[in-house]
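K.L.:
What would the 3D arrangement of this be:
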Amino acid sequence: MKHGLKWLCGTGALVLPLSVWGGPEITDLSEGSQEGSQGSGSGSSFYEQTQAQSGGSLMLLNQLDEQQEQLRQLRGQLEELRHQFEREKQLSRERYLDLEERLLSISESEDASPRVDTQSAQDVTSGSSSTSNGDADAQAAYQDAFQYVQSRDFPDAIDAFEAFVEEYPDSRFTANSYYWLGELYSAESELDASADAFERVLDDFPDSSKVPDAMYKLGLLRSRQGNTEEGRDLLTRVRDEYPDSTAAELAEEFLQQSGD
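P.N.:
Sure thing, here's the model as predicted:
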């Protein structure tokens, strides 16, 4: 019995070292396998993350390109609007300067008083009938309206002349009032209203001294509106029908510059 125990103990002594040495090797292999598995998983995860980041960056670049293109388009539209504004401002300045020159001419020749017919002034001062009194009232109203023109208060001048032609549709100053309405509306860039006023002078007051000027201004206006044929016809009429007028000289200059 004792010999048997001794043998078993001896055998255990032999087995124990083997188990002690063999255990770590098995454990190391197992741990290595696990580490390899974990390493493989990490590589796959890193690849997926890289792909996701690349896709996100490409999307951001595309959005940035689109925004830059939209910005370029907006800049182009802004530049076009600026160009149109400058052109309209230049046209308005030219119309204003034209009106300014006419006002200066009136001031130098008539001491800044409204241009009225000499015969009309004589009728007003010498007459005593109801018609003369009516002309005196019309003259006073005309002068009041013209004061707004001289003070460069164009909106009030338009209102005053509109009121005048409504109250005095057949006075000696009505043709002049329509002419000045044409000038004033043109200065305010209301081209359709300006054309209507000049046409009233031509249609309703064909014997007025303002017909050549109104025809000339209407010709320029039609040209500016793009109706070059009608504008050329009106300017040609001024030149041919009123050859001794200042308007005819100006019309001739414009036709020569435009190649007609």
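
K.L.:
where's E241 relative to Q143, distance?
P.N.:
Here the criterion is C-beta to C-beta, to the nearest Å. By it, E241 lies 31 Å from Q143. (Glycine included, C-beta is placed from N, CA and C.)

K.L.:
Oops, could you answer that again for V238 instead?
P.N.:
V238 is 28 Å from Q143, where distance means C-beta to C-beta.

K.L.:
Among those two, which residue is more densely surrounded?
P.N.:
V238 (27 against 13; other C-beta atoms under 10 Å).

K.L.:
Quick one: residues contacting the more buried one.
P.N.:
V238 sits next to 212, 215-216, 219, 245, 247-248, 251 when contact means C-beta atoms under 8 Å, 6 or more residues apart in numbering.

K.L.:
helix/strand/coil for it?
P.N.:
Using DSSP: H, G, I helix; E, B strand; the rest coil, the structure places V238 in helix.

K.L.:
which residue sits closest to it, ignoring its sequence neighbours?
P.N.:
A251 (4.3 Å; C-beta to C-beta, 6 or more residues apart in numbering).

K.L.:
elements contacting the host helix or strand of that neighbour?
P.N.:
A251 belongs to helix 246-257 when assigned by DSSP states H and E. Using 3 or more C-beta pairs under 8 Å, 6 or more residues apart in numbering; DSSP states H and E, the elements in contact with helix 246-257 are helix 211-224, helix 228-241.

K.L.:
how far off helix 246-257 does the first one point, in degrees?
P.N.:
I take that to be helix 211-224. Relative orientation of helix 211-224 versus helix 246-257 (axes from the mean of the first three to the mean of the last three C-alpha atoms, to 10 degrees): 30 degrees.

K.L.:
got it, and the last one?
P.N.:
Helix 228-241 runs at 130 degrees relative to helix 246-257, counting by the same axes, to 10 degrees.

K.L.:
mean confidence for helix 228-241?
P.N.:
Mean per-residue pLDDT for helix 228-241: 94.

K.L.:
go on, the first one?
P.N.:
Taken as a whole, helix 211-224 carries a mean pLDDT of 93.

K.L.:
Show me the domain layout of this protein.
P.N.:
Domain segmentation of the chain under the TED database yields 52-106, 152-258.

K.L.:
Burial-wise, tell me which of those domains comes out on top.
P.N.:
Counting by mean count of other C-beta atoms under 10 Å, domain 152-258 has the highest mean neighbour count of the domains of the chain, with a mean of 18.

K.L.:
First-to-last residue distance for that domain?
P.N.:
Using C-alpha to C-alpha, to the nearest Å, one end of domain 152-258 lies 31 Å from the other.
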